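Chemist: Here is a sequence with its predicted model. Questions after.
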Amino acid sequence: MILHDWGLVEYEAARRQMDEIHEKAVKDGRNHLIFCSHPPVFTVGSNGGEWPVSTVSTDRGGSITCHAPGQLVAYFCFQATQPALFYRRVLRAYEAFFSELLPEVRYDKNRPGFYIQNRKIASLGFRYRRGVSLHGVALNVDVDLEFCNQVAPCGLEGVRVGSLQAEGVDIPIDVLRQRLLHFLRETFGSF
């Protein structure tokens with residue numbers, strides 16, 4: 001596995017860099033994991049829609065997602081010749097991560113994401129091209145909930161954006177990144 005840690009980066013710049021990493025993954029046959037966060041922005045995936053906030057279009061699956069500082073975004077440029085198997089492995093790693101950290105968090109396959117009741121803690125959106133995945137998972141650690149809740153995540157009625165901090169988990173994002181990396185390595189092997 002090759003790990004890329006970009007820190008805080010504008011969404012559009014990250015998208016261009018992810019395309020470059022994706023091309024590397026296609027050529028080198030390795031898995032590339034990118035960690036970053038973005039300044040406040042709403043992105044809209046392939047499900048589109050009209051929204052009362054300014055948005056940036058992207059080619060990932062899903063609908064509207066809020067990105068903001070305090071979010072741990074993991075972009076996966078992984079070998080994924082079997083997308084369903086790849087997706088299940090991502091879910092398994094995050095389920096293990098949450099079971100250790102906050103066992104009440106559950107994955108909802110009908111509204112893809114991780115939730116505590118009606119609060120969405122993590123959003124998922126992927127695309128697959130040339131046998132390699134793109135995009136990933138946005139985990140809300142300590143985001144500005146007022147900003148993020150201007151729009152219901154994925155346009156889901158009755159759903160609010162939640163965060164680990166709001167649920168009482170007060171662990172630095174760097175520590176969470178290392179725990180998540182541990183579970184990704186356990187699930188995917190040495191990559």
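Modeler: Good, I have the coordinates. Residues are numbered from 1 along each chain as shown.
Chemist: Tell me which residues are up against stretch 104-116.
Modeler: With contacts defined as C-beta atoms under 8 Å, 6 or more residues apart in numbering, stretch 104-116 is touched by 62, 91, 94-95, 98, 102, 120-125, 153-154, 156, 159, 162, 167. Every residue, glycine included, has its C-beta placed from N, CA and C.
Chemist: And for Tyr128, the neighbour number?
Modeler: By other C-beta atoms under 10 Å, 17 other residues sit near Tyr128.
Chemist: Am I right that it is in a strand?
Modeler: Yes. Counting by DSSP: H, G, I helix; E, B strand; the rest coil, Tyr128 is part of a strand.
Chemist: Closest to the centroid, which residue in the chain?
Modeler: Nearest to the mean C-alpha position of the chain, counting by C-alpha atoms, centre = their mean, stands Val137 at 1.3 Å.
Chemist: tell me which element Glu95 falls in.
Modeler: Assigned by DSSP states H and E, Glu95 belongs to helix 83-101.
Chemist: And the strands in the chain, which stretches?
Modeler: For the chain, the strands defined by DSSP state E cover 2-8, 32-37, 41-44, 55-57, 64-67, 71-77, 106-107, 113-116, 119-129, 132-140, 160-161.
Chemist: Can you add mean pLDDT and give those back as a markdown table?
Modeler: Compiled in a markdown table, the strands of the chain are given as follows (pLDDT from 0 to 100):
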| stretch | mean pLDDT |
| --- | --- |
| strand 2-8 | 97 |
| strand 32-37 | 98 |
| strand 41-44 | 94 |
| strand 55-57 | 92 |
| strand 64-67 | 95 |
| strand 71-77 | 98 |
| strand 106-107 | 97 |
| strand 113-116 | 97 |
| strand 119-129 | 96 |
| strand 132-140 | 97 |
| strand 160-161 | 97 |
